[in-house]
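Asks: Below: sequence and its predicted model.
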Amino acid sequence: MRLLITSIPWTDTESPLLAPALLKGMCQSRNIKTTALDLNIEVLQLLKSKYDSKTVSSLQEFFYNGTKDFNRQKVKEVIDFCVSRILSHSPTHVAMSLLTYTSKIACEWICFRLRQKAPDVKIIIGGAGIFNTLESKQNIAETLLAQGQIDYFIKGDGDLSLPDLLLQEKGIKAEGINSTQWQQVPDLNNQPFPDYSDYKMELYSNQSIGIVGSRGCVRRCTFCDIHEHWKKFQWRSAEDIFEELLWHKERTKITKFKFQDSLINGNQVEFRKLMKLLADHNTLYPKKQIKWSSFFIFRPQSQMPEEDWANIGKSAHHLTVGIEAINQEVRFHMGKKFTNQDMHYCFDMCAKYKIACQMLLIVGYVTDTEKTHIETMEWFRNNKKYVNDPITSVSFGGTLGILPGTELYRRKDELGIVLKDEQFDHKWSIEATSNTPAVRLKWVQEQTKSCIKAGFRVQSMIDNHLLMEQMMK
Amino acid sequence: MIKLKFITEVGESNGVMRLDITDSHNQNYDIRPLEVGQNTTEITVEAPNKLFLKLTGKNNRRDTVIDKNTGKIIKDKFVKVTGLEIDGKPLGSHRVAQMFTLKTENNGEINSAFWGFNGMVELDIPYTDALDMHLANLV
């Protein structure tokens, strides 16, 4: 048995994708001969080296949303490149990891080509991208399985399910296969570390290594469906994470790490211990300091005193913080448990200890009004002091989508939310407060303008553009 | 070579229609006669090519039975294409519904996957690669 695990384009990143390396570590530890590729970066770099940015963007658009205006030959080139790279390793089993819905289209055609060229190879797909898409609730995994284009799909943690599936012949029982029911891995500690040795590290402009420190989230934000996926929050001990960081540093010489967690500081006790370990390490090795970036939650000063921030500052490279709403009442309605005073305290601490932040905002929450919209724009004008220090970018995650599986969806009648199109999460209205798609579009445009005018850098993401275009239809 | 599988629903009224398939290379495909209900017709085609699907055996006056009171068709002889697989993968159902034009013997051209008249359907296969066929037929 020869297993090949690969990421699938298209994820717009300059960093190595974690899943293939993580799964390789798990499979190798069970004596399954495994290769892990990051075809995502290989495709991105191949196209960037061959074509102009307009051509690359148009291909990206095809793989994102299946636009009908595409160059067939170039799409085929991408598919054939992937299949040829996969088959060059002569695998008996191919596992494809779909990070998000943006891998769905490439996956569909890579499976087709693989089936044509190597009908005996078993195909397995998994990852968050195998389910809902931006424009459709269609489950691609079940569709491809019914079409005979894949042999198996895995929902949820593949850490155990994938090796179990491959070892089925030896009598191992595999769970979570071709089913939406699955169990979380019982313990994230003492697991094999991700193995990036097959990745072409020279292709990444951001040479950082992905780390899983926790799964799930300690908050239950009303707009978020993560609890539908990971029902309980799981974390690793500071010592276990630290050991992994040192292991990668030793093997790869890479000292930048990117936590893939929903938040690095979900477990305050372990987080504080990890920051202390890293602060001590970085003091001891000033020329080989370990730096990390991660999603992060702001907490009140009582939970995160200045002493904590001083330690964080010794290793943190970049924090991505879901502020989500400038208005405090709106933020509390979301389930975020920090006041504006807490928010300013955290930004001040970040500035003091030179910790860069990306600020995430959702425009048009269910309790947003023209008044909160204006308050948001005023906040940018009144807080120019945070431009670049510490807020290096602001990202408006499109406008609010009412996702199935969220509290907002469950409470939609109580909140007066009218969903206009069950297939498109962003088409909803609350008539009583005139919170409509058209109003939200206006808000996001005005807030972006005001943010830029104040001097902040606004990060533009193609997902957002696609959403906006959909909403304008 | 490209493998095609037509999935059809066949309606009966004084028997069923006959389907014959030939191509621009003068190949006559040996296919199973249609039967009432769901049929699958599989052929392997040398590409590029053009297929000719010839439909015969229908007498419209006799085989389309209409309820005189309601004006509704109560029995009919027809062939409806419900699916088309190319190298084992189905085309989208919306595309299948739009992709055929039946040149009837007496009633001009009908753009439909429902064939209720005698006539000929031409299916162009301009590519040698099934992946091209799929990508060109995305709706």
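Replies: Arrived safely, thanks for sending.
Asks: Name the helix or strand for residue A:6, please.
Replies: Assigned by DSSP states H and E, residue A:6 falls within strand A:2-7.
Asks: contacting residues for residue A:277?
Replies: By C-beta atoms under 8 Å, 6 or more residues apart in numbering or on different chains, the residues touching residue A:277 are A:238-239, A:242. Glycine gets a C-beta too; all of them are placed from N, C-alpha and C.
Asks: Please narrow those to those residing in helices.
Replies: Among the contacts of residue A:277, the ones falling in helices (DSSP state H) are A:238-239, A:242.
Asks: can you tell me the residue of the stretch 251-400 of chain A closest to chain B?
Replies: residue A:398 (25.3 Å; C-beta to the nearest C-beta).
Asks: what's the closest of the ones in helices among the contacts of residue A:277 to chain B?
Replies: residue A:242 (47.6 Å).
Asks: is it true that the closest one touches residue A:275?
Replies: No: look at residue A:242 against residue A:275 with C-beta atoms under 8 Å: they stay out of range, at 10.2 Å.
Asks: More neighbours: those two, which one.
Replies: Neighbours per residue (other C-beta atoms under 10 Å in any protein chain shown) separate residue A:242 from residue A:275, with residue A:275 holding more: 23 against 19.
Asks: wait, is that one part of a helix?
Replies: Yes: under DSSP: H, G, I helix; E, B strand; the rest coil, residue A:275 sits within a helix.
Asks: what mean pLDDT would you report for stretch A:33-47?
Replies: The average pLDDT for stretch A:33-47 rounds to 97.
Asks: and the residue of chain B nearest chain A?
Replies: Scanning chain B for the residue nearest chain A gives residue B:135, at 4.9 Å (criterion: C-beta to the nearest C-beta).
Asks: who's in contact with the closest residue in space to that residue that isn't next to it in sequence?
Replies: Nearest non-adjacent residue to residue B:135, counting by C-beta to C-beta, 6 or more residues apart in numbering or on different chains: residue A:72, 4.9 Å away. Residues near residue A:72 by C-beta under 8 Å, 6+ apart: B:132, B:135-136.
Asks: Just the element for the spatially most central residue of chain B, please.
Replies: In chain B, the residue lying closest to the centroid (C-alpha atoms, centre = their mean) is residue B:81, at 5.3 Å. When elements are assigned from DSSP H and E, residue B:81 belongs to strand B:78-86.
Asks: How about residues contacting that strand?
Replies: By C-beta under 8 Å, 6+ apart, the list of residues contacting strand B:78-86 from outside reads B:2-11, B:17, B:19, B:34, B:38, B:55, B:58, B:90-91, B:93, B:96, B:99-100, B:113-116, B:130, B:133-134.
Asks: buried ones in that strand?
Replies: Buried residues in strand B:78-86, counted by 16 or more other C-beta atoms under 10 Å in any protein chain shown: B:78-79, B:81, B:83-86.
Asks: Ok, stretch A:146-159 next?
Replies: A:147, A:149-159.
Asks: and that stretch, how far apart are its ends?
Replies: End-to-end distance of stretch A:146-159 (C-alpha to C-alpha, to the nearest Å): 25 Å.
Asks: next one: that stretch to chain centre, how far?
Replies: Remark: stretch A:146-159 is offset 20 Å from the chain centroid, using C-alpha atoms, centre = their mean, to the nearest Å.
Asks: That one and chain B, any residue contact?
Replies: Yes: Stretch A:146-159 is in contact with chain B by C-beta under 8 Å from any C-beta of the partner chain, via A:147-149.
Asks: Quickly list the domain ranges of chain A.
Replies: Using automatic domain parsing, the domain parsing of chain A gives A:2-170, A:207-472.
Asks: which stretch among these comes nearest residue B:30?
Replies: Nearest of the domains of chain A to residue B:30, taken as C-beta to C-beta: domain A:2-170 at 24.5 Å.
Asks: just how off-centre is the closest one within its chain?
Replies: Computed by C-alpha atoms, centre = their mean, the separation of domain A:2-170 from the middle of its chain amounts to 16 Å.
Asks: Determine the number of other residues adjacent to the closest residue to residue A:276 other than its chain neighbours.
Replies: Closest residue to residue A:276 apart from its sequence neighbours, by C-beta to C-beta, 6+ apart: residue A:311 at 5.8 Å. The local packing of residue A:311 (other C-beta under 10 Å) involves 21 other residues.
Asks: Check whether residue A:311 really touches residue A:274, as I assumed.
Replies: No: at 9.3 Å, residue A:311 does not count as touching residue A:274 under the criterion of C-beta under 8 Å.
Asks: which residues in chain B form strands?
Replies: For chain B, strands defined by DSSP state E occupy the ranges B:2-11, B:18-23, B:37-45, B:49-56, B:65-66, B:73-75, B:78-86, B:89-90, B:101-104, B:109-111, B:114-115, B:119-125.
Asks: Show me how far the longest one is from its chain's centre.
Replies: The chain centroid and the centroid of strand B:2-11 are separated by 7 Å under C-alpha atoms, centre = their mean.
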